[in-house]
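Student: Provide a 3D model corresponding to the input given below.
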Amino acid sequence: MDVSSLTQRLKINKDAVDQFILDFLPKHSDIKEIQMLFDMMRDYPSRPSKGLRSSLCILTSEALGGNLDKALRTAAALEVFQNWILIHDDIEDYSELRRGEPVLNRKYGIPLAINTGDALHAKMWELLMQNQKTLGPTKTISIIDEFLRMINETTEGQTIELAWVEHNKWDLNEDDYFLLCNKKTSWYTCITPCRLGATIAGASAKKQDAFIPFGSRLGIAFQIQDDILNLKGDEQKYGKECGGDILEGKRSLILIHLLNKANSADRRKVLSIMSKNRCDRTTSDVEEVLKMMEKYDSIKYAKATAESYAEEAKKLFNKIFQDAPSSESRRLLEDLIDFMICRDW
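Tutor: Numbers count the residues shown, from 1 in each chain. Below is the predicted model:
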């Protein structure tokens with residue numbers, strides 16, 4: 001994996017997408033309250049982020065014969081989608097940090113944050129409708145259909161996770177977690193960006209469908225790595241509070257493995273912590289659960305599982321691109337598979 005070339009290209013893509021979004025979003029209003037809305041809409045998009053989803057879209061399109069110019073608007077819409085859904089997600093999860101800064105609802109309050117998410121949601125559709133100028137009506141409708149499926153899959157996954165927390169559900173196995181990851185993470189992180197890139201490039205329906213099993217496995221690997229970083233990552237690089245998933249009661253593969261492998265006494269101890277209300281969990285509770293995860297090698301197990309899913313994704317990637325010409329975009333796309341589970345941010 002050529003990390004240097006990949007990170008350089010990711011930065012180029014991200015800079016282009018960021019500039020496109022900030023040029024598109026409204027900037028000025030003579031009405032004070034609306035000016036505040038515009039400032040809030042530009043808040044999350046102005047914060048540093050990975051831009052992996054938009055790059056997956058762009059690189060897939062290029063690897064299949066497309067180009068950056070035709071993919072840029074759709075890639076920007078993916079980032080706008082992520083920003084508005086994260087605003088809502090941060091409220092639902094009682095998060096504290098997002099990309100190294102306080103979450104939007106902590107800065108402005110929950111009602112204004114929800115409204116900002118709604119405004120960005122509308123801007124996402126506006127962006128997509130404007131694809132007609134460069135891609136024509138047929139591809140534009142196909143891309144909108146992809147976004148609709150992505151939103152349906154993602155919100156179903158979010159509902160599963162929120163319901164587990166709300167109903168204090170702990171009798172979970174790995175298949176439950178993989179279902180959650182596939183819906184909540186894989187579709188909007190990997191499957192849809194790749195399918196969008198393929199659509200823009202004019203790939204066949206069969207080729208587009210091949211990205212579903214590929215993206216499913218890559219998304220699961222990505223989410224497991226994200227879960228690991230939440231516990232072990234550098235907070236400055238990761239941009240969210242480390243151990244936040246434990247505080248929020250997230251059901252990760254790491255935690256499920258711990259609960260299924262721990263002896264009776266340790267399992268009761270972990271459950272007594274994880275069954276508390278979010279506001280009652282403490283940093284010492286987080287440290288106790290982390291000690292248990294280390295004791296039962298749960299983080300090591302999760303890392304090995306992520307690597308296994310990434311290897312499966314690589315095999316599927318090679319099948320998808322076996323008849324595609326060799327190119328820098330294809331090479332970078334393949335490197336991105338390794339990067340998504342080796343990253344430290």
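
Student: contacting residues for L37?
Tutor: Contacts here follow CB atoms under 8 Å, 6 or more residues apart in numbering; on that basis L37 touches S29, N115, T116, A119. (Each C-beta comes from the backbone N, C-alpha and C, glycine too.)

Student: out of those, which comes closest to C181?
Tutor: T116 (27.4 Å; CB to CB).

Student: residue boundaries of the strands in the stretch 51-200 of the chain?
Tutor: Using DSSP state E, counting those that start in this stretch, the strands of the stretch 51-200 of the chain run over residues 97-98, 101-102.

Student: single out the most deeply packed of these.
Tutor: Of all the strands of the stretch 51-200 of the chain, strand 97-98 has the most neighbours on average by mean count of other CB atoms under 10 Å, namely a mean of 20.

Student: and the next element down the chain from the lowest-mean-pLDDT helix or strand in the chain?
Tutor: Ranking every helix and strand in the chain by mean pLDDT, DSSP states H and E puts helix 235-238 at the bottom, with a mean of 50. Under the assignment DSSP states H and E, the closest C-terminal helix or strand after helix 235-238 is helix 244-248.

Student: what residue is smack in the middle of this structure?
Tutor: For the chain, T189 is the residue whose C-alpha lies nearest the centre (CA atoms, centre = their mean; 4.8 Å).

Student: that residue and I273: what is the separation?
Tutor: 29 Å (CB to CB, to the nearest Å).

Student: and if you look at E62?
Tutor: From E62 across to I273, the span is 47 Å (CB to CB).

Student: of the two, who's got more company?
Tutor: Ranked by neighbour count (other CB atoms under 10 Å), E62 and I273 place E62 first, with 22 against 19.

Student: pLDDT score for the residue nearest to the centre of the chain?
Tutor: On pLDDT, T189 comes in at 96.

Student: run through the residues that contact it.
Tutor: Applying CB under 8 Å, 6+ apart, we find T189 in contact with L52, R53, L56, G215, L218, G219, F222, Q223.

Student: restricted to helices, list those residues.
Tutor: L52, R53, L56, G215, L218, G219, F222, Q223 (DSSP state H).

Student: sorry, back to before: neighbours of the nearest residue to the residue nearest to the centre of the chain once chain neighbours are set aside, how many?
Tutor: Excluding the flanking residues, the one nearest T189 by CB to CB, 6 or more residues apart in numbering is G219, at 4.9 Å. Residues near G219, counting by other CB under 10 Å, number 25.
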